[in-house]
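*Asks:* fold the following for me, if possible:
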Amino acid sequence: MPYLSKREIEAIATRVINAYQRMVGTTGPMSQRVCPELLIQDLLGLDITYRTLSIDGSILGMTAFDQVGVRVYENKNPTHFFLDGKTVLIESALTEPDANPGRLHFTLVHEASHQILKMLFPKEYASGINHRHVYCCTDSSIRYGGRQVDWEEWRVNMLTAAILMPLDLLVKQMKAVGLYSKIRMLNRVFAPKEYQAFATVAENLGVSKAALSIRLKQLGLLTRNDLKDPYALVRIEPDEEELF
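*Replies:* Take a look at the predicted model:
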């Protein structure tokens, strides 16, 4: 696996986005956000297939660089699906009407990012004793921004975020909703106007609020992130001696 710095990952994402924008043009809805299906099928030439990948929903996506069989389920009964080296296999439940579209989009581009790195570094990903036959995307592996112990997944998550939320497009979307500089505080209770504008940006880009908040923080466009706990601002923790 190649060593890639954050700057190098951003550079790869820029190459992908430039190619995507040349393909879709500079006007129209697809130029205002990155459509994962267009990116994967039309730009990268990969196929997308939806199946039930696990009984408990823990597996969100799979891909492989070679022909390999994987277990999937039909009516809760195990069966096999053969990956051909150019297919992105996605959990079908992510397409349900009540599912989070941001989660689907991140999973799609996550799997595609494995393939992008393989295209760019074929020697490093060549079959061998250390070659991973199937890249399996689980709920924990796409917790973008959290502590990552698998460096391959860290690279892929960083690349996924940079593709779905490129800086230029992100700034353009922020300005469109009145966010002309970085967000000082993301808090739905104490900064509702900024929060609603932020939520609109997430919806327009087709990403989750969690993924967008982490990306903004990494880019220096968000100072304080209270997305998970809006009351953290006023919560006072007692000193240890005050507990006795």
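*Asks:* every contact and neighbour count from this point should use C-alpha atoms.
*Replies:* Noted.
*Asks:* tell me the contacts of the residue nearest the centre of the chain?
*Replies:* Note on the chain: the residue nearest the mean C-alpha position is Phe106, at 3.2 Å, using Cα atoms, centre = their mean. Phe106 sits next to 142, 160-161, 164, 207 when contact means Cα atoms under 8 Å, 6 or more residues apart in numbering.
*Asks:* for it, helix, strand, or coil?
*Replies:* Look at Phe106: counting by DSSP: H, G, I helix; E, B strand; the rest coil, its state is helix.
*Asks:* count of residues packed around the closest residue to Cys137 other than its chain neighbours?
*Replies:* Leaving out its chain neighbours, the residue that sits closest to Cys137 by Cα to Cα, 6 or more residues apart in numbering is Gly61, at 4.8 Å. Number of residues near Gly61 (other Cα atoms under 10 Å) recorded here: 27.
*Asks:* I figured Gly61 hits Ala112, correct?
*Replies:* No - counting by Cα atoms under 8 Å, Gly61 stays clear of Ala112, with 10.1 Å between them.
*Asks:* between the two, what contacts are shared?
*Replies:* Here Gly61 and Ala112 share the contacting residues Val88, scored by Cα under 8 Å, 6+ apart.
*Asks:* just the buried ones among the contacts of Phe106, please.
*Replies:* 142, 160-161, 164, 207 (16 or more other Cα atoms under 10 Å).
*Asks:* circling back to that earlier point, determine which two of the contacts of Phe106 are furthest apart.
*Replies:* Ile142 and Leu164 (13.7 Å; Cα to Cα).
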